[in-house]
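Undergrad: Okay, sequence plus prediction incoming.
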Amino acid sequence: MPPSATADTSKTVKLERYNSYLRKIHSTKVLKASSKVLFRATLLIALVLVLLFAVKYHPHSDSHHLHRRSFLSTGLFSSSSSLGEGAAWEKRVRQSSTAKRQHGLSVLVTGAAGFVGSHCSIALRKRGDGVLGFDNFNDYYDPSLKRARQHLLEKNQVFIVEGDLNDGPLLRKLFDIVPFTHVLHLAAQAGVRYAMKNPQSYISSNIAGLVNLLEVAKAANPQPAIVWASSSSVYGLNTENPFSEEHRTDQPASLYAATKKAGEEIAHTYNHIYGLSLTGLRFFTVYGPWGRPDMAYFFFTKDILHGKSIDIYRTQDNQEVARDFTYIDDIVKGCVGALDTAEKSTGSGGKKRGPAQLRVYNLGNTSPVPVGRLVSILEGLLGTKAKKHLIKMPRNGDVPYTHANVSLAYRDFGYKPTTDLAAGLRKFVKWYVSYYGIQPRVKKENSHADESA
Ligand SMILES: O=C(O)[C@H]1O[C@H](OP(=O)(O)OP(=O)(O)OC[C@H]2O[C@@H](n3ccc(=O)[nH]c3=O)[C@H](O)[C@@H]2O)[C@H](O)[C@@H](O)[C@@H]1O
């Protein structure tokens, strides 16, 4: 064999080997690629199936959320969770929202298991308005107190739907069922000092939750008029006194205050763009029976009764800290007055048809009381001396004093607070000892001597 032929043959063999090597690689690649495609397709199909399943059985999907919600919302007071309960739940929603008097309002009260919410719901229902409650029963403070309020509301024919403000589908569903004339929006993350511990909860309830509610309300047909809870804390570092609605509110001292102030601005936007009628009420340290355990008057009472020491704050320059404590019944009158004078929203189908009402009011007591004085009144009512611990107010969002000018609310809906702190605390303590089953050393109704000590 000529050398060149040998060389050629070995070249051909090499080439063939090389080609078969390439073919092998190619076929492996093809195999790998096709198995990849197969894997991805399977994954996609699985994903689609999971999504379909989730949509069908999601608690907020139209077909199923009624059943789950009704189970949750009725809680202790529910009967069964049969398929028919969707209709039963809807019936309760309708019944609760239907007014019992001619031209009565139909009000969605958010935060109905809360302090102000429960009082307002009962007051509205008692005068024949339709009231549907809405509450998420969160555990910011003892939820059993919220359940007890719910029980009270049930007795007054007010049904509370258990749900979160951020649950758009559920809120929309309620507006689909009921043409609410008004919303009394009281659900919020309250508390000034807690904002340093859990800032996100303020954003979630007071900003995102508010926007979600307004989104649903603006799209509803008819649009409801909305009255909602702002706060005296929006005055922040304002030094003009007493606080008037025209004063500065751009120096909030806490994140809580900042979210309430933001709420007022958001209200302006929804009024401006969509024609929603919006009224913000700046509540001044509301107290009374069925109150909030996170508030000073409430936990002072508990601590005094348990012989625990209480911190009484003083300002940085060692002055007394004072609040314009406002009794719950006065606040309820203010809320009802605001609802009664709220004009209709002007939008429809999410579009503004004309200018709509936009209001902000102080609801206070108009007479600030130092915290030390609050404590002496409680001591008198409880017949027990408090272990007082005077300390400088921690820098955690508190302001040194609040004082409301309420002439605007008086002018527009006759708001006039009538309960002073001693009389209001007496009612609170009476409720407290009976609710918690405490054998009181509380003074009799006609004995006022110790209260002014
Ligand atoms: O008016 C309002 O807008 C606000 O009123 C209250 O906030 P606050 O006035 O701080 O009420 P409390 O937490 O009950 O405090 C009452 C007073 O007791 C003082 N305090 C509080 C706690 C404490 O341990 N010691 C103490 O002296 C506070 O500085 C304050 O002056 C509510 O908690 C807020 O949700 C509401 O928005």
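TA: Sure thing, it's come through.
Undergrad: Quick check: neighbours of the helix or strand harbouring Leu281 in the sheet, parallel or antiparallel?
TA: Secondary structure from DSSP states H and E places Leu281 in strand 278-283. Strand 278-283 has the following strand partners under DSSP bridges: strand 225-231 (parallel), strand 358-363 (parallel).
Undergrad: Quick check: next helix or strand after it?
TA: strand 286-287.
Undergrad: Show me what the next helix-or-strand element following that next one is packed against.
TA: Downstream of strand 286-287, the next assigned helix or strand under DSSP H and E is helix 296-305. Contact here means 3 or more C-beta pairs under 8 Å, 6 or more residues apart in numbering; DSSP states H and E; on that basis helix 296-305 packs against strand 309-314, helix 371-382, helix 421-435. Placement of C-beta: from N, CA and C, glycine included.
Undergrad: switch the cut-off to 10 Å
TA: In terms of contacts (3 or more C-beta pairs under 10 Å, 6 or more residues apart in numbering; DSSP states H and E), helix 296-305 is packed against strand 286-287, strand 309-314, helix 371-382, strand 387-392, helix 421-435.
Undergrad: Return it as CSV; C-alpha atoms alone will do.
TA: These are the backbone C-alpha positions of helix 296-305, laid out as CSV (Å, rounded to 0.1, in the frame of the first residue of the first chain):
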residue,chain,number,x,y,z
ALA,A,296,-53.5,54.6,79.8
TYR,A,297,-56.8,55.1,81.7
PHE,A,298,-57.6,51.4,81.1
PHE,A,299,-54.3,49.8,82.1
PHE,A,300,-53.8,52.3,84.9
THR,A,301,-57.1,51.0,86.3
LYS,A,302,-55.9,47.4,86.0
ASP,A,303,-52.5,48.1,87.5
ILE,A,304,-53.9,50.1,90.4
LEU,A,305,-56.2,47.3,91.2
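Undergrad: what angle separates it from strand 309-314?
TA: If you take axes from the mean of the first three to the mean of the last three C-alpha atoms, to 10 degrees, helix 296-305 sits at 140 degrees to strand 309-314.
Undergrad: Distance from helix 296-305 to the middle of the chain?
TA: How far helix 296-305 lies from its chain's middle: 24 Å, per C-alpha atoms, centre = their mean, to the nearest Å.
Undergrad: what mean pLDDT does it have?
TA: Regarding helix 296-305, the rounded mean pLDDT is 98.
Undergrad: Check stretch 337-349 too.
TA: 96.
Undergrad: Quick check: buried residues in it?
TA: Neighbour-count burial for stretch 337-349 flags Gly337, Ala338, Leu339, Thr341, Ala342, Ser345, Thr346, Gly347, Ser348 (criterion: 16 or more other C-beta atoms under 10 Å).
Undergrad: Take those residues and keep only those in strands.
TA: Among those, no member falls in strands (DSSP state E).
Undergrad: which one of those residues is nearest Thr110?
TA: Nearest to Thr110 out of the buried residues of stretch 337-349 is Leu339 (C-beta to C-beta; 13.5 Å).
Undergrad: wait, isn't the closest one in contact with Leu184?
TA: Yes. Using C-beta atoms under 10 Å, Leu339 makes contact with Leu184 at a distance of 6.4 Å.
Undergrad: neighbours around whichever residue of the stretch 51-200 of the chain sits closest to the ligand, how many?
TA: Per C-beta to the nearest ligand atom, Ala190 is where the stretch 51-200 of the chain lies closest to the ligand, at 3.6 Å. Ala190 is flanked by 27 other residues according to other C-beta atoms under 10 Å.
Undergrad: Now do the same for it: helix, strand or coil?
TA: coil (DSSP: H, G, I helix; E, B strand; the rest coil).
Undergrad: Setting aside sequence neighbours, what's the nearest residue to it?
TA: Leaving aside its sequence neighbours, Ala190 sits nearest to Arg292 (C-beta to C-beta, 6 or more residues apart in numbering; 6.8 Å).
Undergrad: Quick check: which ranges of the stretch 51-200 of the chain have low pLDDT?
TA: Residues of the stretch 51-200 of the chain meeting the criterion pLDDT under 70: 51-85.
Undergrad: Show me whatever sits in contact with both of Leu339 and Leu184.
TA: Leu105, Val107, Cys120, Leu124, Ala225, Ile226, Val227, Thr279 (C-beta atoms under 10 Å, 6 or more residues apart in numbering).
Undergrad: As CSV, those with distance to Leu421 and neighbour count would be great.
TA: Compiled in CSV, the shared contacts of Leu339 and Leu184 are given as follows (distance: C-beta to C-beta, whole Å; neighbours: other C-beta atoms under 10 Å):
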residue, distance to Leu421, neighbour count
Leu105, 31, 23
Val107, 30, 28
Cys120, 21, 27
Leu124, 26, 26
Ala225, 32, 26
Ile226, 31, 28
Val227, 26, 29
Thr279, 27, 27
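Undergrad: from these, which is closest to Asp164?
TA: Ile226 (18.0 Å).
Undergrad: For the closest one, list the residues it contacts.
TA: Under the criterion of C-beta under 10 Å, 6+ apart, the neighbours of Ile226 are 108, 110, 180, 182-185, 210, 213-214, 217-218, 267, 270-271, 276-280, 339, 342, 345.
Undergrad: The residue of the stretch 51-200 of the chain closest to the ligand against Asn206, yeah?
TA: Yes. Counting by C-beta under 10 Å, Ala190 does reach Asn206; the two are 9.0 Å apart.
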